[in-house]
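Trainee: next come a sequence and a model predicted from it.
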Amino acid sequence: MRLLHGVAELRAALAGLRPVALVPTMGNLHDGHIALVEQVRAGGHPSVASIFVNPLQFGAGEDFQRYPRTLDADCARLEAAGCDLVFAPDVGAMYPEPQTFQVQPPLADELCGAFRPGHFAGVATVVLKLFNLVQPAVAIFGKKDYQQLFLLKAMVRQFNLPIRILEAETARAADGLALSSRNAYLAAAERDEAPRLYRLLDAAAARIAAGARDFAAQEGAVTAELAAHGWQVEYVLVRDRATLQAPTEATRGLVILAAARLGRTRLIDNIEVHPAPPPTSPGSLDQTRRRRASARDRVLR
Ligand code: PAF
């Protein structure tokens with residue numbers, strides 16, 4: 001595995017490697033990131049991972065300075081996972097000019113964007129730059145950052161980028177907590193509390209799948225339960241999966257998205273609502289469970 005920091009050396013190395021699959025990251029890699037590498041490797045392309053803590057996507061007062069930087073450990077994990085090349089530029093290599101063009105995505109002021117002004121412009125800008133630098137055939141992003149994935153797919157479509165975007169299911173700890181580099185900020189008691197977010201989303205999704213149609217009541221129930229356990233809730237919203245807008249008569253699939261703070265740590269999570277097929281035979285409950293589990297594990301293209 002090669003570790004490169006400069007744009008010129010990256011371009012030279014890629015010449016002999018294309019077509020490649022790109023795994024963009026900010027480092028401090030966990031099992032979810034490694035699953036992304038394994039997934040693109042299974043597709044047969046050489047894999048390039050980028051590690052760059054992107055200042056453009058952090059707002060004033062956010063955790064850019066303290067975001068964990070663990071390049072040596074990250075490279076060891078990537079090498080063990082069979083990654084071919086790591087691109088880890090510094091800020092000057094990515095943003096060499098003081099005045100920086102930025103991509104302005106739609107929905108940038110909604111959901112997480114409402115609480116993190118400028119965040120999605122920063123994400124779209126760095127990902128577009130990484131796409132231009134690496135020119136991958138395939139790139140992969142996790143569903144934990146659901147709005148990010150949604151916007152990056154729209155960017156690829158609308159800018160006619162010849163890149164296939166793969167989506168990866170959220171990797172979770174055994175207790176359901178979505179894996180995130182920011183989980184490292186949680187104190188022990190907060191880490192014990194943190195899985196409540198997914199448990200509540202899962203329960204609300206099950207109620208909606210079973211026919212509950214008062215989405216505001218579902219959002220309110222999750223919000224109230226989190227608040228009662230000391231969370232500061234930013235939002236809990238049921239949205240149309242195809243638009244990330246409020247559901248309408250035309251809605252075919254739903255997702256519940258949430259962001260909330262435990263102490264100083266901001267956690268996000270989401271769950272797609274998949275209506276369970278009605279049981280038809282004694283064995284059907286098991287089948288339903290198996291179907292739901294495999295739907296969770298499945299990689300949607
Ligand atoms: O999801 C992330 O880690 C980042 O937002 C990304 C896509 C690597 C862009 O900096």
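Mentor: Perfect, thanks for sending it. Numbers count the residues shown, from 1 in each chain.
Trainee: which non-adjacent residue is nearest the residue of the stretch 51-200 of the chain found nearest the ligand?
Mentor: In the stretch 51-200 of the chain, no residue comes nearer to the ligand than residue 54, which is 4.1 Å away by CB to the nearest ligand atom. All C-beta spots, glycine's among them, are computed from the backbone N, C-alpha and C. Distances taken as CB to CB, 6 or more residues apart in numbering put residue 126 closest to residue 54, at 4.3 Å, once the chain neighbours are dropped.
Trainee: wondering if whichever strand or helix holds that neighbour reaches the ligand at all.
Mentor: Assessed by DSSP states H and E, residue 126 sits inside helix 119-134. Yes. Under the criterion of CB under 6 Å from any ligand atom, the ligand is reached by helix 119-134 at 123, 126, 127.
Trainee: doesn't residue 58 make contact with the second one?
Mentor: No. Counting by CB atoms under 8 Å, residue 126 does not reach residue 58; the two are 11.2 Å apart.
Trainee: sorry, back to before: report the buried residues of the helix holding residue 126.
Mentor: By 16 or more other CB atoms under 10 Å, the buried positions in helix 119-134 come out as 119-131, 133-134.
Trainee: including distance to residue 258 and pLDDT, could the residues of helix 119-134 next to the ligand go into JSON lines?
Mentor: Shown next, in JSON lines, are the residues of helix 119-134 next to the ligand (distance: CB to CB, whole Å; pLDDT from 0 to 100):
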{"residue": "123", "distance to residue 258": "19", "pLDDT": "98"}
{"residue": "126", "distance to residue 258": "25", "pLDDT": "98"}
{"residue": "127", "distance to residue 258": "23", "pLDDT": "99"}
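Trainee: out of those, who's nearest residue 228?
Mentor: Residue 228 lies nearest to residue 123 out of those, by CB to CB, at 32.4 Å.
Trainee: touching, that closest one and residue 55? I think so.
Mentor: No. The pair residue 123 and residue 55 fails to qualify as a contact (CB under 8 Å) at a distance of 11.8 Å.
Trainee: give me the distance between the two termini of stretch 113-121.
Mentor: 9 Å (CA to CA, to the nearest Å).
Trainee: for it, give me every contacting residue.
Mentor: With CB atoms under 8 Å, 6 or more residues apart in numbering as the test, stretch 113-121 has contacts from 56-59, 62, 102-105, 107-109, 112, 147-148, 151, 234-235, 259.
Trainee: ChimeraX command to pick out the buried ones of those residues?
Mentor: Applying 16+ other CB under 10 Å to the contacts of stretch 113-121 leaves a buried subset, and the ChimeraX line that selects it is:
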select :56,57,58,103,105,107,108,112,147,148,151,234,235,259
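Trainee: what about the contacts of stretch 113-121, which are in helices?
Mentor: The subset of the contacts of stretch 113-121 located in helices under the criterion DSSP state H comprises 112, 147, 148, 151.
Trainee: which two among those are spaced furthest apart?
Mentor: Pairwise over those, using CB to CB, the maximum falls at 112 and 151, 10.2 Å.
Trainee: check contacts around the residue nearest to residue 54.
Mentor: Remark: with contacts taken as CB under 8 Å, 6+ apart, residue 126 is in contact with 24, 52, 54, 56, 57, 94.
Trainee: which two in the residues you listed are spaced the farthest apart?
Mentor: Top of the distance list for the contacts of residue 126 (CB to CB): 24 and 56, 13.5 Å.
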